[in-house]
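Novice: build me a model from this:
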Amino acid sequence: MDEAVKEIDSLVYSTLEKIRAKGGVIKKGINEVTKALERSQAKLVVYAADVSPKEIIMHIPLLAKDQNVPCVEVRTKLDLGKAVGMNVGSSAIAVVDAGEEAHSLEDLVGKIKSV
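Specialist: All right, here's what the predicted structure looks like:
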């Protein structure tokens, strides 16, 4: 796996953990993420590469692009779930409000766009 991809994955997980710890608002699950995008609430969308079947998540990147919301894929839904405080995996999450960690979210979005 490419080093840049691993670095982005790690940065995504650590940023999500910070946002959650500081009381940010994160929507979890494909339905919640879809609603957040449709309501123009999402600031960042993250989805997992290991979702099966792929069809259930294929609309997320397209909807994010339509809404001009940064969207990034990470390796596993288990790691994504852990990053947002769940004991199970999460196929997708949307950051609605980064709270005190708005600067961390901006840094992450900048790095995502540069890759």
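Novice: give the bridge partners for the spatially most central residue of the chain, please.
Specialist: Of all residues in the chain, the one closest to the mean position by Cα atoms, centre = their mean is Val46, 2.2 Å from it. Judged by DSSP bridges, the bridge partners of Val46 are Val72, Ile93.
Novice: pull out the CA atoms of the helix or strand encompassing Leu108 and give them to me as PDB.
Specialist: Assessed by DSSP states H and E, Leu108 sits inside helix 102-114. Provided in PDB are the C-alpha atoms of helix 102-114 (Å, rounded to 0.1, in the frame of the first residue of the first chain):
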ATOM      1  CA  ALA A 102     -12.200  22.900  13.300                       C
ATOM      2  CA  HIS A 103      -8.500  23.700  12.600                       C
ATOM      3  CA  SER A 104      -7.700  19.900  12.600                       C
ATOM      4  CA  LEU A 105     -10.600  19.300  10.200                       C
ATOM      5  CA  GLU A 106      -9.300  22.100   7.900                       C
ATOM      6  CA  ASP A 107      -5.700  20.600   8.000                       C
ATOM      7  CA  LEU A 108      -7.100  17.200   7.100                       C
ATOM      8  CA  VAL A 109      -9.200  18.500   4.200                       C
ATOM      9  CA  GLY A 110      -6.200  20.300   2.900                       C
ATOM     10  CA  LYS A 111      -4.100  17.200   2.900                       C
ATOM     11  CA  ILE A 112      -6.900  15.100   1.300                       C
ATOM     12  CA  LYS A 113      -7.200  17.700  -1.500                       C
ATOM     13  CA  SER A 114      -3.400  17.600  -2.100                       C
END
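Novice: which parts of that helix are buried?
Specialist: Residues of helix 102-114 classed as buried: Ser104, Leu105, Leu108, Val109, Lys111, Ile112 (neighbour count, 16 or more other Cβ atoms under 10 Å). Bear in mind the C-beta positions are built from the backbone N, C-alpha and C, glycine included.
Novice: alright, calling it a day.
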